[in-house]
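>>> got a sequence here, can you model it:
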Amino acid sequence: MRIGILDILALPTARPIDKFYRATLTRQFASVTPQAISVLCRRAGHQTFYATYYGLGTAHQLLPDDLDVVFIASYTPAFSLDRTRFFGLVVRECDEAPVTDILDEQFTPGSIVSSDR
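As a prediction, the model looks like this:
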C-alpha cells in the first residue's frame, strides 16, 4: 500500500513577515505523531511518503498523486464532528492500534477514531 503522511504546521499567508516567520521558526514545531505514523506504516511493509508543510508553496505537491491512504496531521480548535465534513476519518488520539485498523479499513467513513489509552 502507498501511504502519505502530511504534517501541516501553517496555512498559506500573503504577508511577507508571516512568510519569514514560517520559513525560519515554524520548522521547530514538527509533530511527533505523524513521524510515528510514518514509522509504523514502514514497519508494516507499506511504501511511505512523509512531508511537512510550513505554509509556503502548495501542500498537495509535497506527496505523490497515486497514494492509497493519506494521513493529514494538523492542529485545529474546531470540534471533531466538524472535521468529519472534510475528511474520511478523524483521529483524536493515536497509537499503533488505530493506525493498523485504519489501514485494514476497520472504520466507517465519517467516524471519529481514538486509541484505547
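
>>> centroid residue for the protein?
residue 72 (2.0 Å; C-alpha atoms, centre = their mean).

>>> wait, a strand at that residue?
Yes - judged by DSSP: H, G, I helix; E, B strand; the rest coil, residue 72 forms part of a strand.

>>> ok, for it, nearest residue in space, not its chain neighbours?
Distances taken as C-beta to C-beta, 6 or more residues apart in numbering put residue 6 closest to residue 72, at 5.0 Å, once the chain neighbours are dropped. To be clear about C-beta, it is placed using only N, CA and C from the backbone, and glycine gets the same treatment.

>>> which residues sit in contact with that neighbour?
Going by C-beta atoms under 8 Å, 6 or more residues apart in numbering, residue 6 touches 34, 51-53, 59, 62-63, 70-73.

>>> export the residues you listed to CSV and tack on distance to residue 112 and pLDDT?
CSV is the format used below for those (distance: C-beta to C-beta, whole Å; pLDDT from 0 to 100):
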residue, distance to residue 112, pLDDT
34, 18, 90
51, 25, 93
52, 25, 87
53, 23, 85
59, 23, 83
62, 26, 93
63, 24, 95
70, 18, 94
71, 15, 93
72, 15, 91
73, 16, 87
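
>>> pick out whichever of these sits closest to residue 81.
residue 72 (17.1 Å; C-beta to C-beta).
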